[in-house]
Every structure is written in C-alpha cells, then in structure tokens.
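Engineer: Pasting the sequence and the predicted coordinates here, then a few questions.
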Amino acid sequence: MSLIQRMWHSLLHRIFYVHPAVVLLVNAPARICLQTLMMAARPSTERLHLRNLFTSGRRYYIDATSDGFRMTSNSKVPWRYRARTRLAALVTGQLNEAGDGLSRLRLTARMTPLYLLDVLIVPVWMSTLVLFGPLSLPVKIFSVVALFTMSWLWHWYSAVLQATEMIYFVQTALEDLTVTDIKALPATSGNIVYTSAGFQEAWERFYETHKQEHE
C-alpha cells in the first residue's frame, strides 16, 4: 500500500470511526450474548443494577444481523417536549464462537451516514450568505473555515459521546459473562522460556535438530 493510500485510509478511518475497536471474550454462546443485550436494552424494575444506563432518558436500539448486531442510541432533549437527540453513532458488534462455550465480541463505532451529511447542511447555507456579504476576502475565508470546523467538532463529539455510552452499555450488560482471567500455560510447557539463557539453549537445540534432518 502506497503512502497516499495509507493516508487516505487513515483519513477515512478518522472521519467515520469515532471510538477505538473493543474486543470482549464472553463466557456464553453468541445467541445468549445477543439475548442478554436485547433484554438489558429494555428498562425494567427487575434490572435495577442497570438503571444508570438509562439516565437522561437514554434508550438503546439493537437489531440482530447475520454475524452479530447493530446498535444505535439516543436520549431526551431537556428543553423540548418528547423530542430526542439524533442517532449520531452506530455500533457494530461481530460475534464469533471461540470454542469451549466462549464467544468473541468485537465492537466498532462509526458516525451514521445521515449524521455525517448533517455536518455540511448548516455551514453550506451560512457560507453562501457570508460569501455574498459585504466582507473582505480574508474575513470571508476565516468565517467559512470556522463554520465548517465548529460544525464538524460539534457533530464529531456528539457521535463520540453516543458511541462511548453504547460501548459502556454492552460492557456493563455482559459484565457477569465477560471473561477477565485468561488461563496461563502450565509451568511444564516446553513453549515457555523464562530467561535469555534458556532461550539460547532452546534455540541451539532447535537449530541442531533441524540441521541434522537436512544433512
């Protein structure tokens, strides 16, 4: 991949994705993981330990897919009756069986396409008024750049906030099923080398063995 292609790929990644990928190892089949998340997304007095996930009227919308799920979220707008915030971020969860009854869940979050287009609507309209106004050229350029920059920052951080809330929801909902202790290899395993001297001896044995095979 050329330098230009890497830069372009990095730019697209920064534009669309609003949270680093998160990987969880869950001690349950993929079907149980999905059912647990869908049940947790419905507020209930039977799950008071999850009540903090629904502050400010936040709601979570989960749709099953062939390899996992897609999730969006929004919350109430305090100053408008029955109004809710835009769906700014989309979290995609990929579920894969990891053996021994375990599932590997990979979460990625990106800005929704409609919300990304919304970044341009107000700045384009305002920029038209600025460009045809009685201002000097430097002021016009500065104003247009400032409009697009502020619009981008506002939309970007709104999407980041929603993505963070959704990933925290998944981590909390699956907390009782998430594997936190990874089994270590036994001390007698021949694949473990504790010191540099041990590594050197193991390497020499390996080299001599394969050297004799090819003689």
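Structural biologist: Done, it's in.

Engineer: distance of the spatially closest residue to Ala83 that is not a sequence neighbour from Thr85?
Structural biologist: For Ala83, ignoring the flanking residues on the chain, the nearest one in space by C-beta to C-beta, 6 or more residues apart in numbering is Val77 at 4.1 Å. All C-beta spots, glycine's among them, are computed from the backbone N, C-alpha and C. As for Val77, its distance to Thr85 is 6 Å (criterion: C-beta to C-beta, to the nearest Å).

Engineer: Quick check: buried residues in the host helix or strand of Leu120?
Structural biologist: Per DSSP states H and E, Leu120 falls inside helix 113-131. For helix 113-131, burial by neighbour count (16 or more other C-beta atoms under 10 Å) applies to Tyr115, Leu116, Asp118, Val119, Pro123, Ser127, Val130.

Engineer: Counting by contacts, list what it packs against.
Structural biologist: When contacts are defined as 3 or more C-beta pairs under 8 Å, 6 or more residues apart in numbering; DSSP states H and E, helix 113-131 sits against helix 137-173.

Engineer: ok now the helix it packs on, how far from the chain's centre?
Structural biologist: In terms of C-alpha atoms, centre = their mean, to the nearest Å, the centre of helix 137-173 is set 16 Å apart from its chain centre.

Engineer: Now do it against helix 113-131, angle only.
Structural biologist: 160 degrees (axes from the mean of the first three to the mean of the last three C-alpha atoms, to 10 degrees).

Engineer: by contact count, what packs against helix 137-173?
Structural biologist: strand 17-26, helix 30-40, strand 68-74, strand 89-99, strand 102-111, helix 113-131.

Engineer: hmm, 6 Å instead?
Structural biologist: Applying 3 or more C-beta pairs under 6 Å, 6 or more residues apart in numbering; DSSP states H and E, one finds that helix 137-173 contacts strand 17-26, strand 68-74, strand 89-99, strand 102-111, helix 113-131.

Engineer: in this protein, what spans have low per-residue confidence?
Structural biologist: The chain contains residues with pLDDT under 70 at 1-2, 8-9, 11-14, 180-204, 206-208, 210-215.

Engineer: please redo it, this time with the cut-off set to 80
Structural biologist: For the chain, the stretches with pLDDT under 80 are 1-16, 46-48, 99-100, 179-215.

Engineer: burial count for the residue nearest to Thr172 when sequence neighbours are not counted?
Structural biologist: Nearest non-adjacent residue to Thr172, counting by C-beta to C-beta, 6+ apart: Leu53, 6.2 Å away. With neighbours defined by other C-beta atoms under 10 Å, the count for Leu53 comes to 20.

Engineer: cool, and Asp67?
Structural biologist: Using other C-beta under 10 Å as the criterion, Asp67 is surrounded by 12 other residues.

Engineer: quick one, what contacts it?
Structural biologist: Gln94 (C-beta atoms under 6 Å, 6 or more residues apart in numbering).

Engineer: how about it, phi and psi?
Structural biologist: Here is the backbone geometry of Asp67 (degrees, to the nearest 10): phi -120, psi 20.
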